[in-house]
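Asker: Provided below for reference: sequence and predicted model.
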Amino acid sequence: MKDGLKPTVLVVDDEESICKVLGRFLKQQMRLSCDTFSDPEEALRTFDRGRYSAAIVDVRMPELDGLELMTMLHKEDPHLPVIVLTALDDWETAVNAMRLGAFNFINKPFSAEQVESVLAHALEQHKLNSELREKKADVPNVHIIGKSAAIRRVLDLIKRVSPTDSTVLVTGESGTGKELVARAIHLGSPRRHNAFVAVNCGAFPDSLLESELFGHVKGAFTSAVSDKTGMFEVANKGTFFLDEIGETSQMIQVKLLRVLETHEVRPVGATKARKVDTRVIAATNRNLEEEVEKGNFRYDLFYRLNVIPIHLPPLRERRDDIPLLVGYFVSRYAERTGRNLSAANISPEAWEIIEGYSWPGNVRELENVVNRAFTLMEGDRIKAEDL
């Protein structure tokens, strides 16, 4: 997929009604491009390698079995994430599809939330894999900008821990780039061709977070109208990034500890646990050792997570990196907007403010300020008052 273009999704289902429903949802709700086929053989004949970022394929089709179609699509494009549609009670076929290389499966009847969640992660994986193939460089360092001693230590840790399966705890203030570290570790690991899944634990109440992490079965609670695959299972064979882990309740912490110890998840309402092979990277802006002493965070979970600690320093402690970061954000903004801009468009007075400011919001705040200043600038220079 070329920069600036919408991802295009291939949908193949012999039921035209399913094609119409999915096509309308992907285009109107997810703002994606979409090609739908009720004839799998036609989909295969017209398949254009490089056109699609993901595919959704029904398993049971009379003309051509969905698993056979998936295998043929992978011969044409080995990097295409394929999501299979299966019957609700056809667990064996779903498992077989995963073994044959499916990215994930969705049970019929499906919900909009289920399609959006699984497809979003498939598209994310495709994007990351494309970046990995195009860069052909030291991928873990691609988006982590800096030359300061503190950042060099972080980059060295990333390089050393990436090839392992060790659990990592990334700490640092909000806006320091904890998710970038997690992505760099994933891209430098043997799991890089599988999913990278990120969940902000602070964004959900307990009841929803439990379902998001571990999934649920139909009927587990009032609004559970269908099965939902938890993010631990979506990240199977890949990496699961648990952001703001310090915001979780004791109940969720107990369940997380069990997953780390047994490598099994039990969806809400299920009677059987399911095996998962998922690397966990957690992050927090809290001091978890202090939270353990206060009784807010379980000490056993803390030590399970804190196998490899990586601390990201605040921007005020790595001021040498500010000019590099500004230059990077300006070039990215210029590329996105098609404008001929560089750090030379910033006046000396504005530079003095940028380099002297404490940046309590860290790198995220710096990026926002740069983008806003260049968006609202008058003339060809960013002046002190523009900040």
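Answerer: Yep, that arrived.

Asker: what about the residue nearest the centre of the chain, which SS state?
Answerer: Taking C-alpha atoms, centre = their mean, the centroid of the chain lies closest to Val197, which sits 4.2 Å from it. Here Val197 is strand, with the state taken from DSSP: H, G, I helix; E, B strand; the rest coil.

Asker: Bridging across strands, which residues link to it?
Answerer: Going by DSSP bridges, Val197 is paired in beta bridges with Phe240.

Asker: isn't it right up against Phe241?
Answerer: Yes: with contact defined as C-beta atoms under 8 Å, Val197 counts as touching Phe241 (6.8 Å). (Glycine included, C-beta is placed from N, CA and C.)

Asker: now the longest helix seen in the chain, how far from the centre of its chain.
Answerer: Assignment by DSSP state H gives helix 112-135 as the longest helix of the chain. Distance of helix 112-135 from its chain centroid, counting by C-alpha atoms, centre = their mean, to the nearest Å, is 8 Å.

Asker: What helices and strands are in contact with that helix?
Answerer: strand 54-58, strand 82-87, strand 104-108, helix 178-187, strand 196-200, strand 228-229, helix 231-234 (3 or more C-beta pairs under 8 Å, 6 or more residues apart in numbering; DSSP states H and E).

Asker: any chance of those in TSV, with distance to Gly361 and mean pLDDT too?
Answerer: Converted to TSV, the helices and strands packed on helix 112-135 look like this (distance: least, C-beta to C-beta, whole Å; pLDDT from 0 to 100):
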stretch	distance to Gly361	mean pLDDT
strand 54-58	34	94
strand 82-87	37	88
strand 104-108	35	84
helix 178-187	14	93
strand 196-200	17	91
strand 228-229	34	82
helix 231-234	27	90
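
Asker: JSON lines please, covering the ones you listed and showing distance to Asp206.
Answerer: Output for these, formatted as JSON lines (distance: least, C-beta to C-beta, whole Å):
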{"stretch": "strand 54-58", "distance to Asp206": "31"}
{"stretch": "strand 82-87", "distance to Asp206": "29"}
{"stretch": "strand 104-108", "distance to Asp206": "25"}
{"stretch": "helix 178-187", "distance to Asp206": "23"}
{"stretch": "strand 196-200", "distance to Asp206": "14"}
{"stretch": "strand 228-229", "distance to Asp206": "16"}
{"stretch": "helix 231-234", "distance to Asp206": "15"}
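
Asker: remind me which residues of the stretch 151-300 of the chain are low pLDDT?
Answerer: Residue ranges of the stretch 151-300 of the chain with pLDDT under 70: 220, 222-225.

Asker: The same query, at a cut-off of 90, please.
Answerer: 152, 187, 192-195, 202-212, 214-231, 234, 266-274 (pLDDT under 90).

Asker: can you pull out the helices in it?
Answerer: 178-187, 206-214, 231-234, 250-262, 288-294, 299-305 (DSSP state H, counting those that start in this stretch).
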